[in-house]
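Novice: Provide a 3D model corresponding to the input given below.
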Amino acid sequence: MATHGDSPAERFLRKALVPVCVLSGALVVSGFFFPWFVGGVVSGEGWLVLALLFFGTGLAYLALLPVQAPESDETVGRGRTVRYLLRIRHGHFRRAIEPFFERQDAVTFGVPVAVLALFFLVRLLAPGATTGAIGAAEAFVLGDMGWLFLGAVLLAVLYCVFLLAGPWGDVRLGGPDAEPTYTYPTYFALFFAAGIAAGIVFWGPAEALFHYGSPPPYFGTAPGSSAAAVNALAYAFFHWGVSAWSPYLVVGLPVAYFVYDRGAPLRVSTLLTPFLGVDGLDSLPAKLVDVLAIFATIGGVGTSVAFVSQQFLAGIDYQWGVTYGVLGPVVLVGGLTAIYVVTAGSGVHRGIRRVAGVTVGLFALFGLLLLALGPRSTVFAYGGRALGRYAANFLPMSLYLGGEWVADWTVWNWSWWFSWAPFAGLFLAALSKGRTVRTVVATAVGATSLATMAWFLVMGGTTLALQHGGAADVLGAVEAYGGSEAVAGFPVFAALPMSQLLMFLFLALIVVFITTSAAVSTLVVAVLATKRAFAPTTGDVVFWGVLQGAVATAVLALGGGQSLQDVAVLTGGPFALVSVLALAGLTWTLRRDEADRDRVRRSLPGKARAALAARDVTLLPERPDLDDEKRE
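Specialist: Coordinates of the predicted model:
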């Protein structure tokens, strides 16, 4: 074990960050909770800079605290030795930059960068043609090919159920003696915070509200009715529950198995190990999968950073009437980029782990506080009925091809989750050494789904209760602001006690969620773009983090954000197909290589039967010996 982050330079930087954080935090809190105290001295741009200083210095201080972490290679299951996953080689800045291109894979590094540059060039020269071509492709993939996404997601859910209940759930990644790298709370926090991003914060009050105002055709209820509220919440559970998280699992679990048990490299293309072999993962088909993964990650997360920045400022403008002009979103993107680059550069054991912990803790605190202050009885009444409706209609909702509405909502959501599956799945694989398959599935699909559904129950249920009861006109506020989901939360908080505290925590959640997701995506892309013989350096992480920020800035400056997001979402189609292939390969491998061990393992039903049988045996009365009876 070695101490990381205890150099004189980092100690000096941590000491410098503390007074900046305290001073900026005092000003931000004063301006937020006591605006009369500060008055109009600070401009809108000034408040934005102060807020970024406060959040940025605080999160950077956490990221730069020293930590005890493994420094070199370690032995994993079945006697194999692999490089410590997602490790970053720290060193002198000049030595990190000079051999930069020598460490990069020419294909996985060069192709995504060239495609992104070409996209913005074409968008700048021919915006109309670009938008039209992408729109036509999107209509075909999400409309005509919608069945592919519905089938792939349903297959993923059913496969998760099979793994949970079947004997393969006892397979330990890395071998029987492998130990987990992280405690279970840290394991859950890392994956949950990285995989969900800030979208859950904005859509928590908004999605069910939209379905309440324009009910899904599957249920066919009247808009604005009590039944519409229940069905709206049921569809929010559907779009953010087990179906949403399953694509991450069906990408991450095969990668984890082949990395820890077959010595494959930590790459998305490792999914193809059963078909190409470990030595064939440098072939063109494997590199194509990694290229698609990098493009989907940079395009998806980059546009998310841009949109989150716009939504963040739109909410502030709606609530306080503070305008930021053209530079406001760019300044916010720059600040967020600096925060997540520092977090990613510090590594998983330091910054990412701590920021993820803060994110999950703040997420739970906000949910409990909202539940305590909101209309609990109505929320639970709506939530209970919605959960029943969701469970009873899960299979028909999963197979429902309802025309344009399903394409715009369900299919688009499934494609989006599949487009994020490469980086989230790879991160899941990197975290899962020493875990059983059953634990990985229960965490990556079960626990995460419970957390997101609890959020939508509380946040969405509160919004619907206030809207339906007439305590707040959230739909009117959204419509007055151009239909933006970014403002949906603020009328809700304004109708509750301690509204200022709720708004402050809501905005803080946005920052920490996007920081965690962007930091993880930066680190994963750095791993994918680096040659297999090298671990990414700090310079590699900085490059990809800045590139992600540059994509977000280009979206804001040149436009085309929706087009780039659509292109990134369309990569979900290939990954939906790859996931089906990956499940076939994993199934074939487990049937072949785990057959002998399956005789020892039992499925969950088998374990239950064995436990009941053992219980019955112990409860049976002892029979007297027959010879004793004869002697009597």
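Novice: mind pulling up the pLDDT for residue 608?
Specialist: Per-residue confidence (pLDDT) for residue 608: 69.
Novice: just give the nearest non-adjacent residue to residue 280, would you?
Specialist: residue 286 (6.8 Å; C-beta to C-beta, 6 or more residues apart in numbering). No exception for glycine: its C-beta is placed from N, CA and C like everyone else's.
Novice: just after the one helix or strand that neighbour maps to, pick out the following helix or strand.
Specialist: Using DSSP states H and E, residue 286 falls within helix 284-320. Under the assignment DSSP H and E, the closest C-terminal helix or strand after helix 284-320 is helix 327-346.
Novice: average pLDDT for that next one?
Specialist: Here the average pLDDT along helix 327-346 is 89.
Novice: just the buried positions in it, please.
Specialist: Buried residues in helix 327-346, counting neighbours by 16 or more other C-beta atoms under 10 Å, are found at 328-346.
Novice: between helix 284-320 and whichever helix or strand residue 523 is part of, find me the angle.
Specialist: Assigned by DSSP H and E, residue 523 belongs to helix 499-529. Using axes from the mean of the first three to the mean of the last three C-alpha atoms, to 10 degrees, the inter-axis angle of helix 499-529 relative to helix 284-320 is 160 degrees.
Novice: by how many degrees do the helix or strand just after helix 499-529 and helix 327-346 diverge?
Specialist: Per DSSP H and E, the first helix or strand lying C-terminal to helix 499-529 is helix 538-558. Angle of helix 538-558 versus helix 327-346, following the same axes, to 10 degrees, is 160 degrees.
Novice: in helix 538-558, what's buried?
Specialist: 538-545, 547-556.
Novice: just stretch 437-456 next, same as before
Specialist: Here stretch 437-456 shows 437-449, 451-453, 455-456 as buried, counting by 16+ other C-beta under 10 Å.
Novice: tell me how far the helix holding residue 286 lies from the chain's centre.
Specialist: 12 Å (C-alpha atoms, centre = their mean, to the nearest Å).
Novice: mean confidence (pLDDT) on it, please.
Specialist: 86.
Novice: how about it: buried residues?
Specialist: So for helix 284-320, counting by 16+ other C-beta under 10 Å, buried means 286-287, 289-319.
Novice: residue 258 contacts residue 265, correct?
Specialist: No. The criterion here is C-beta atoms under 8 Å, and residue 258 misses it with residue 265 at 9.2 Å.
Novice: overlap in contacts of these two?
Specialist: residue 278 (C-beta atoms under 8 Å, 6 or more residues apart in numbering).
Novice: which of these two has more neighbours?
Specialist: The residue with more neighbours, out of residue 258 and residue 265, is residue 258; 26 against 21, by other C-beta atoms under 10 Å.
Novice: which of the three states applies to that one?
Specialist: State at residue 258, reduced to three classes by DSSP: H, G, I helix; E, B strand; the rest coil: helix.
Novice: separation between it and residue 453?
Specialist: To residue 453, residue 258 is 31 Å away according to C-beta to C-beta, to the nearest Å.
Novice: repeat that for residue 349.
Specialist: Applying C-beta to C-beta to residue 349 and residue 453 gives a distance of 30 Å.
Novice: same deal with residue 104?
Specialist: Taken as C-beta to C-beta, the span from residue 104 to residue 453 is 41 Å.
Novice: spatially nearest residue to residue 495 (excluding sequence neighbours)?
Specialist: Per C-beta to C-beta, 6+ apart, closest to residue 495 is residue 472, 4.1 Å.
Novice: swap in residue 57?
Specialist: residue 21 (3.9 Å).
Novice: I'd say that neighbour and residue 52 touch.
Specialist: No. Using C-beta under 8 Å, residue 21 is not in contact with residue 52, being 11.5 Å away.
Novice: name the element residue 32 belongs to?
Specialist: helix 8-33.
Novice: lowest-confidence helix or strand of this structure?
Specialist: Using mean pLDDT, DSSP states H and E, the weakest-scoring helix or strand in the chain turns out to be strand 81-82, at a mean of 39.
Novice: just give the closest residue to residue 418, not the sequence neighbours.
Specialist: That would be residue 572: by C-beta to C-beta, 6+ apart, it lies 3.4 Å from residue 418.
Novice: test my guess that the one you found contacts residue 416.
Specialist: Yes. With contact defined as C-beta under 8 Å, residue 572 counts as touching residue 416 (6.5 Å).
Novice: looking at the two, which one has more neighbours?
Specialist: residue 572 (30 against 21).
Novice: need the pLDDT of that one.
Specialist: Value listed for residue 572 in the pLDDT field: 88.
Novice: number the residues from 169 up from this point.
Specialist: From this message on, residue numbering opens at 169, which makes the last subject residue 740.
Novice: how much space separates the most centrally placed residue in the chain from residue 507?
Specialist: Geometric centre of the chain, nearest residue: residue 363, 1.1 Å, by C-alpha atoms, centre = their mean. Distance of residue 363 to residue 507, computed by C-beta to C-beta: 19 Å.
Novice: one more: residue 364?
Specialist: Counting by C-beta to C-beta, the gap from residue 364 to residue 507 is 18 Å.
Novice: let me know how buried residue 194 is, in neighbour terms.
Specialist: 12.
Novice: from residue 637, how far off is it?
Specialist: 38 Å.
Novice: could you do residue 655 as well?
Specialist: In terms of C-beta to C-beta, residue 655 sits 20 Å off from residue 637.
Novice: neighbour count: the two, which is higher?
Specialist: Under the criterion of other C-beta under 10 Å, the comparison of residue 655 against residue 637 puts residue 655 first, with 24 against 11.
Novice: ok, that one - contacts?
Specialist: Residue 655 sits in contact with 482, 483, 486, 487, 645, 646, 649, where contact means C-beta under 8 Å, 6+ apart.
Novice: which element is the closest residue to residue 401 other than its chain neighbours on?
Specialist: Closest residue to residue 401 in three dimensions, ignoring its sequence neighbours and counting by C-beta to C-beta, 6+ apart: residue 554, at 3.7 Å. Using DSSP H and E, residue 554 maps to helix 544-560.
Novice: which residues touch residue 373?
Specialist: Here residue 373 is in contact with 627, 628, 630, 631, 642, 656, 657, 660 (C-beta under 8 Å, 6+ apart).
Novice: switch the cut-off to 7 Å
Specialist: Under the criterion of C-beta atoms under 7 Å, 6 or more residues apart in numbering, the neighbours of residue 373 are 627, 628, 631, 656, 657, 660.
Novice: can you give me phi and psi for the fifth one?
Specialist: Think residue 657. phi -70, psi -30 (degrees, to the nearest 10).
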